[in-house]
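dropping the sequence and predicted coords here.
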Amino acid sequence: MFKTIEWKDGVVRMIDQTRLPLEVIYMDCRDYREVADAIKTLKIRGAPAIGIAAAMGIALGAQEIEERDFKSFYKILESVGNHLAKQRPTAVNLFWAIERMLNFVKNNSKKDTKELKELLIKESINLLEEDIKVNKAIGRHGADIIKDGTTILTHCNAGALATGGYGTATAPIFVAIEQGKRVKVFADETRPILQGARLTAWELMEAGVDVTLITDNMAGALMKKGIIDIAIVGADRVAKNGDVANKIGTYSVAVLCKENKIPFYVAVPTSTIDLNTPSGDLIPIEERSQNEVTHIMGKLQIAPHGVKVMNPAFDVTPARYITAIITEKGRFKPEEIKKLERIG
Ligand code: MRU
């Protein structure tokens, strides 16, 4: 099984997701600027994985700091955090992980900076290991929504590649399969940059899961024909009122589910819940380059030169479309989210 990201011999090693599925290449980030670039260019993507990368980026950044007094050390580390935080705006796990690492430093202000550098590496590895445990718990809390023979639609990639391992939307699927249930997954290709086709289809095939790839605009027709039993997606941020930001196209899936009386589930670690954002309209939505829409994977041009383009990378699904939010603490109605506290 592949490792999405790991700390290895003083570097941050990650699978370069822009090269999948044609090439499985691991790349090493030797300083925090390289980690920041990997986040920006989607070499690593998916909310929890971005958070883990940022935590490891902070640990890398700490190794460069020569200042020995705590105040100067912290100030420089804070600027490393600010740089990492600028790379993508929507996934709240990025900000959560940076805050957690900086708080960890503050809580250890009496320690020598040499020791702190080592502790930061350990803390970033803890964050990765916790993420995998959390995902397995999400799987346990979600497995009973999947019966023997269930067909599941998913959108984008909320699998092992989007996390430390095991995935969020994929976790209930893996647990259900471990329980001996037969499961079929339909993966939306996820235009414009095809995380469903490139990543979800690849990793589910690697894991031996029965997966069928469809284009995004096929989902409705399949639902109407009775082919889809439930939908499970991940999220980049859950607002206090239970609205959910996830990959563009998720809202359409949710509306189609409602029309076709199909349960629509969101699987997230509680680190994706942002109680400081009261509702989905306030979640910042990343606008990405026009080239992602006019060209297939930056190569083949498919639209006229100069055409006007919009490219919001995420959309917001209002809470009323969501059957339940599956977390490591259990399954909740969207209106119950406000009572939850985050881990960490
Ligand atoms: O732009 P991406 O590929 O980072 O978007 C990823 C998603 O939208 C995922 O569904 C989300 O981050 C949840 S990952 C468990």
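Looks like it came in fine.

which residues does whatever residue of the stretch 151-300 of the chain ends up closest to the ligand contact?
Residue of the stretch 151-300 of the chain nearest the ligand, by Cβ to the nearest ligand atom: Gly234 (2.8 Å). From N, CA and C alone the C-beta is placed, and that goes for glycine too. Gly234 is in contact with 46-47, 156-158, 162, 167-169, 246, 266-268, 272, counting by Cβ atoms under 8 Å, 6 or more residues apart in numbering.

pLDDT value on it, please?
Listed pLDDT for Gly234 reads 99.

would you mind listing the outside residues contacting stretch 59-72?
When contacts are defined by Cβ under 8 Å, 6+ apart, stretch 59-72 is touched by residues 7, 10-12, 29-32, 35, 73, 76-77, 80-81, 101, 109, 112-114, 116-117, 120-121, 123-124.

which of the residues you listed fall in strands?
Trp7, Val11, Val12, Cys29 (DSSP state E).

rewinding a little: now the contacts of stretch 59-72: which count as buried?
7, 11-12, 29, 32, 35, 73, 76-77, 80-81, 101, 113, 116-117, 120-121, 123-124 (16 or more other Cβ atoms under 10 Å).

ok, and does the longest helix seen in the chain reach over to the ligand?
Ranked by number of residues, the top helix in the chain under DSSP state H is helix 113-142. No. Judged by Cβ under 6 Å from any ligand atom, helix 113-142 stays clear of the ligand, getting no closer than 8.4 Å.

what packs against the following helix or strand past that helix?
As assigned by DSSP states H and E, the chain's next helix or strand after helix 113-142 is strand 150-154. Where contact means 3 or more Cβ pairs under 8 Å, 6 or more residues apart in numbering; DSSP states H and E, strand 150-154 is packed against strand 183-188, helix 219-224, strand 230-233.

ok, strand 150-154: who's next to it in the sheet?
Strand pairing for strand 150-154, using DSSP bridges, gives strand 183-188 (parallel), strand 230-233 (parallel).

quick one: pLDDT of the residue lying closest to Asp31 once chain neighbours are set aside?
Nearest non-adjacent residue to Asp31, counting by Cβ to Cβ, 6 or more residues apart in numbering: Leu60, 5.7 Å away. As predicted, Leu60 sits at a pLDDT of 98.

how many neighbours does Leu60 have?
By the criterion of other Cβ atoms under 10 Å, Leu60 has 24 neighbours.

quick check: angle from the helix or strand hosting it to helix 113-142?
Under the criterion of DSSP H and E, Leu60 resides in helix 47-64. Angle of helix 47-64 versus helix 113-142, following axes from the mean of the first three to the mean of the last three Cα atoms, to 10 degrees, is 170 degrees.

quick check: buried residues in helix 47-64?
For helix 47-64, a neighbour-count test (16+ other Cβ under 10 Å) marks 47-62 as buried.

ditto for stretch 220-234
So stretch 220-234, judged by 16+ other Cβ under 10 Å, has buried residues Gly220, Leu222, Met223, Ile227, Ile228, Asp229, Ile230, Ala231, Ile232, Val233, Gly234.

re the thing from before, may I see the strands paired with strand 150-154 arranged in TSV, with distance to Asp210 as well?
Below are the strands paired with strand 150-154 laid out as TSV (distance: least, Cβ to Cβ, whole Å):
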stretch	distance to Asp210
strand 183-188	5
strand 230-233	15
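
looking at those, which is closest to Pro334?
Judged by Cβ to Cβ, the one of the strands paired with strand 150-154 that comes nearest to Pro334 is strand 230-233, at 13.4 Å.

other residues contacting that closest one?
The contact list for strand 230-233 (Cβ under 8 Å, 6+ apart) reads 142, 145-146, 150-156, 158, 169, 172-173, 246-247, 250, 253-254, 257, 262-267, 326.

circling back: of all the strands paired with strand 150-154, which one is nearest Val293?
Nearest of the strands paired with strand 150-154 (Cβ to Cβ): strand 183-188, 16.6 Å.

shaky segments in the protein?
Under the criterion pLDDT under 70, the flagged ranges of the chain are 341-344.

Leu300: how many residues sit nearby?
Around Leu300 there are 8 other residues, counting by other Cβ under 10 Å.

going by distance to Gly306, which of the contacts of Gly234 wins?
Among those, and counting by Cβ to Cβ, the member closest to Gly306 is Cys156, at 29.1 Å.

one step back: can you tell me if the helix holding Leu60 touches the ligand.
Yes. Under the criterion of Cβ under 6 Å from any ligand atom, the ligand is reached by helix 47-64 at Ala47, Pro48.

what is the nearest of the buried residues of helix 47-64 to the ligand?
Nearest to the ligand among those, counting by Cβ to the nearest ligand atom, is Ala47 at 3.6 Å.

that closest one contacts Asn93, correct?
Yes. In this structure Ala47 lies within contact range of Asn93 using Cβ atoms under 8 Å: 4.3 Å.

so what's in contact with the two at the same time?
By Cβ under 8 Å, 6+ apart, Ala47 and Asn93 have these common neighbours: Asp236, Thr272.

good, we can wrap up now.
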